[in-house]
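[1] just a sequence and a predicted model for now, questions to come.
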Amino acid sequence: MPEFVLAAARFGFLVLLWIFVFTVVGVIRRDLFAGARASRLVAAPRGVGAAAAGQSRPAKVKKGRAAHQLVVTAGALAGTRLTLGEAQITIGRAEDSTLVITDDYASARHARLVPRNGQWYIEDLGSTNGTYLDRTKVSGPTPVPLGVPIRIGRTALELRP
Amino acid sequence: MTVAAVSPPAVASPAVGKRARRARRTELILLLLGMLVVAGYLAAVEANLLDQVTPDFWVPAGILAVVYLAMHMVVRLRAAYADPVILPAVATLNGLGVTFLRRLDLGKAKAGDRADYPILSGEGGKQLLWTAIAVGLAAALLWFLRDHRTISRYAWTLGFVGIILMMLPAVLPARFSEVNEAKLWIKFGSFSIQPGEFAKLMLASFFAYYLVRKREVLALASRRVLGIDFPRGRDLGPVLVVWLLSLLVLIFEKDLGTALLYFGMFIVMVYIATERVSWLIIGLVLFFGGAVLAYVLGGAIGGPFANFYDRANIWLDPFSGDRAYNEGYQLVQSLLGLGTGGLFGTGPGAGSPSQVPEVRNDFIFAGMGEEIGLFGLTALLVLYLLIVVRGIRAALGVRDSFGKLLAGGLAFTLGLQVFVIVGGVSRLIPLTGQTTPFLSAGGSSLMANWLLIAILLRISDNARAPLGAPGGMIRPPVAAAPPARPPVGTAAVPAGSVRPAPPNRPAAAAPAGPSVPPAPDVPAGPTQPVGPQPLNPTAEQPTVRTPGNDVAAADVSDDDDHDSGPDDSALDDEALGGEAPPTEKIDVNAPAPKENS
């Protein structure tokens, strides 16, 4: 075979291989930015300190903006995001909870988040140590504003647009 | 707005399906592109070795494509939300490995026979068959394992079997277990398997299960020394046990790589579970301490440590004296091959990789490196990196600790294995007999790594599936609720038509009504069910009202919530969605049974 064909095969293969690699990277990049767009409004805070700063946030958030994500801001699962749908979210240590938290201060069925008219309500399911919306103990179904930490044991959760 | 238009499932499911469909379409396109890369490699090999490209050069790539498309269909059916990148990247690596082995066969065959060298013969053909079997196993695992949490139920069994598999080659007589001075095998006649590859998966499952139980103790009880939190002595127990086990492997199986693999896997999983850097430090100190100790002992007394001592010496200076022609021959040839390849390689099929001993398994990376050069090798390494990254991404996304640890541990182990063998081949670390995942010839390694990929796909499906998706495995007690809604909502009749004992319903609503802060436009209660609001408060109320049920369900699994596996949850599902009796326990504030905390 002529020399230039072999050279073309040699470099052509490398180019093809890298095209594949970059296509894969492109897919991953799209994936990452798709996630970032959804949460651009609020930078992801980490740890309890950042979660506590959420107190002033509800004022800034526009009323009526629907929550699309549930973000764990503190505790063992910090950084976990759930995309909210129509279904309620159960939180607890039981393996079949929607959000399984491994937290010694949480009960098996600790609390749940229920959507209603586009507003999410937190409801304590008779947990031992209680559920707190920011600083107040949740006694009945309570509407959860965006960005206000829900505290369960050492775990804190927030709704995000 | 009509009532029907608002019924939640009708709105939710198309959006949900769209995401899954987009991911699967991406996966399909990437798979085909990957097979194109493999076909390109085949064509380049034929151009160099045969001096022509035969019309059916693409057939191996075609066979592989069929196998992978079958896997793709299984993913579509059983893990629709799984990561779209993992499968194509693995498939491409595997395809390139098969092609390289076929290239070795062609190189060995006489020049005249090369043009019609049968596809299914030689190492390449065997590897093609192994690939089909391995992908079939992975597909079966993905098909039958609907929820990765099921694995945690068999954790102790898996851990036990894993340790036995790991130790078995060490205790078997050498003629059953030794290949190339490493006792990693179990041989039955002409057939041999490498049990360590499977032990890897089993031990990872067991570690994940164990650490989910112990993470609090390991993370919290600690002493602060020099600004780093160190665990208590007694919590170090399991780590020391695993360390000793891996040292035993190192000594009796003469295999540093496997020891490093198991130990690294455990340490990293402890680190993931506890987020304490001190574990990494402890792990590194222990491992390097052990390696140095083995080296010193090997120099002083020899015996079981002699093998490691020799390998370390080869690694330190492969060119000294006539070592390059004796015990260091493999490594020196590997380095020469990589050096010959240079930046762009000699071109597929144009090098002489068969100069390197064991090029079809341990040294496949060096053999390929000679022909595709640093650019090609980097592409392969990036592909490995992307697989590992997507595995860790799945670990981040999944919502249960066991899944997090399992995915993180498996993804890291895959990366560590690539590091150990590529580092060995390129003389970064002492050479050890590890297989290169997806590239090396050999069924055990292929099968184990494809099973690993199936688990990662399963976990990533779980991580990416939206809540309550029909395909996803998140089946919270709620999953039963949405189906219950549409009939209620569309008919706009009292919930009594669905639920038994309607009289209780309004009564149930009354006490709880005040405790629910009225949402802006919800009519007062379900007492007048034909509210103008399409939002069908009647349909909503049951979801809010069921705490009694939930609590009851909690009671069921309360005492054994540590062990409540998915089967328990399935029971709970039925208990909740099945009858849903109008309970007496209607007040949300009523003191519920105490749960352990």
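    Received the coordinates, thanks. Numbers count the residues shown, from 1 in each chain, chains lettered A, B, ... in the order given.
[2] where does chain A have low pLDDT?
    A:34-65 (pLDDT under 70).
[3] so what's the backbone phi/psi at whichever residue of it sits closest to chain B?
    Closest to chain B within chain A is A:Gly126: 2.3 Å, counting by C-beta to the nearest C-beta. Heads up, the C-betas are built off the backbone N, CA and C, glycines and all. Main-chain torsions, A:Gly126, degrees, to the nearest 10: phi 70, psi 40.
[4] same thing with A:Val100?
    Dihedral angles (degrees, to the nearest 10) for A:Val100: phi -90, psi 110.
[5] against A:Arg93, how distant is it?
    7 Å (C-beta to C-beta, to the nearest Å).
[6] likewise for A:Pro141?
    21 Å.
[7] same question, B:Lys214
    On the measure of C-beta to C-beta, B:Lys214 and A:Arg93 end up 15 Å apart.
[8] Provide a list of residues in contact with residue 76.
    Went with chain A since none was named. Contacts for A:Ala76 (C-beta atoms under 8 Å, 6 or more residues apart in numbering or on different chains) come out as A:101-103, A:154-155, B:215, B:401.
[9] meant chain B actually
    Contacts for B:Arg76 (C-beta under 8 Å, 6+ apart) come out as B:Arg24.
[10] that one sits in which helix or strand?
    helix B:59-78 (DSSP states H and E).
[11] now the nearest residue to B:Leu431 once chain neighbours are set aside: which helix or strand?
    Nearest residue to B:Leu431 in three dimensions, chain neighbours excluded: B:Gly424, at 3.8 Å (C-beta to C-beta, 6 or more residues apart in numbering or on different chains). Using DSSP H and E, B:Gly424 sits within helix B:401-425.
[12] what about B:Ile281, how many residues nearby?
    14 (other C-beta atoms under 10 Å in any protein chain shown).
[13] tell me the SS of it?
    helix (DSSP: H, G, I helix; E, B strand; the rest coil).
[14] distance of it from chain A?
    Separation of B:Ile281 from chain A (C-beta to the nearest C-beta, to the nearest Å): 21 Å.
[15] show me where the chain has strands.
    In the absence of a named chain, this looks at chain A. A:69-74, A:81-83, A:89-92, A:99-100, A:111-116, A:119-124, A:131-133, A:136-137, A:142-143, A:150-152, A:155-160 (DSSP state E).
[16] that's the wrong chain, I meant chain B
    B:178-179, B:182-183, B:186-188, B:191-193, B:222-225, B:228-231.
[17] how's chain B carved up into domains?
    B:3-144+B:317-464, B:207-306, B:467-597 (automatic domain parsing).
[18] what about the first one, average pLDDT?
    It refers to domain B:3-144+B:317-464. Domain B:3-144+B:317-464 shows a mean pLDDT of 88.
[19] could you report the distance from B:Leu325 to B:Phe319?
    Quick fix: residue B:325 is Tyr, not Leu. 10 Å.
[20] so for those two, which sits in the more crowded spot?
    More crowded of B:Tyr325 and B:Phe319, by other C-beta under 10 Å: B:Phe319, with 12 against 9.
[21] how much space between the closest residue in space to that one that isn't next to it in sequence and B:Gly17?
    Counting by C-beta to C-beta, 6+ apart, B:Phe319 lies nearest to B:Val332, which is 6.7 Å off, once chain neighbours are set aside. Between B:Val332 and B:Gly17 the computed distance is 57 Å (C-beta to C-beta).
[22] same question for A:Ala74.
    Taken as C-beta to C-beta, the span from A:Ala74 to B:Gly17 is 34 Å.
[23] so these two - more neighbours on which side?
    Shown here are A:Ala74 and B:Gly17; by other C-beta under 10 Å, A:Ala74 has more neighbours (23 against 14).
[24] is stretch A:8-23 positioned near chain B?
    Yes. Stretch A:8-23 lies within reach of chain B by C-beta under 8 Å from any C-beta of the partner chain, at A:9-14, A:16-21, A:23.
[25] tally of neighbours for B:Tyr329?
    Around B:Tyr329 there are 16 residues (other C-beta under 10 Å).
[26] over to B:Asp317?
    11.
[27] quick check: longest helix in the chain by residues?
    Here I'm looking at chain A. Secondary structure of chain A per DSSP state H: the longest helix is helix A:3-38.
[28] chain B was what I was after
    Max-length helix for chain B by DSSP H is helix B:8-49.
[29] show me what contacts B:Gly136?
    Contacts of B:Gly136 (C-beta under 8 Å, 6+ apart): none.
[30] now it: how far from chain A?
    24 Å.
[31] please report how far the closest residue in space to B:Val418 that isn't next to it in sequence lies from chain A.
    Nearest residue to B:Val418 in three dimensions, chain neighbours excluded: B:Tyr384, at 4.9 Å (C-beta to C-beta, 6+ apart). Per C-beta to the nearest C-beta, B:Tyr384 is found 11 Å from chain A.
[32] wait, B:Tyr384 sits on B:Leu416?
    No. Between B:Tyr384 and B:Leu416 there is no contact under C-beta atoms under 8 Å: 10.9 Å.
[33] what's the local residue count around B:Phe144?
    9.
[34] quick one: it and B:Glu275, what's the gap?
    34 Å.
[35] right, and B:Pro60 touches B:Gln127 too?
    No. Contact criterion C-beta under 8 Å: B:Pro60 and B:Gln127 do not qualify, at 9.7 Å.
[36] give me the subset of the contacts of A:Ala76 lying in helices.
    B:215, B:401.
[37] so who does the residue nearest to B:Val418 touch?
    Contacts of B:Tyr384 (C-beta under 8 Å, 6+ apart): B:93, B:414-415, B:418, B:437.
[38] 10 Å - rerun?
    The neighbours of B:Tyr384, taking C-beta atoms under 10 Å, 6 or more residues apart in numbering or on different chains as the test, are B:89-90, B:93, B:414-415, B:417-419, B:422, B:436-439.
[39] pick the one among these closest to chain A.
    Distances from chain A to the contacts of B:Tyr384, taken by C-beta to the nearest C-beta, are shortest for B:Ala89, at 5.9 Å.
[40] who are the neighbours in contact with that closest one?
    B:Ala89 touches A:20-21, A:24, B:30-31, B:34, B:83, B:382-387, B:390, B:438, B:453, counting by C-beta under 10 Å, 6+ apart.
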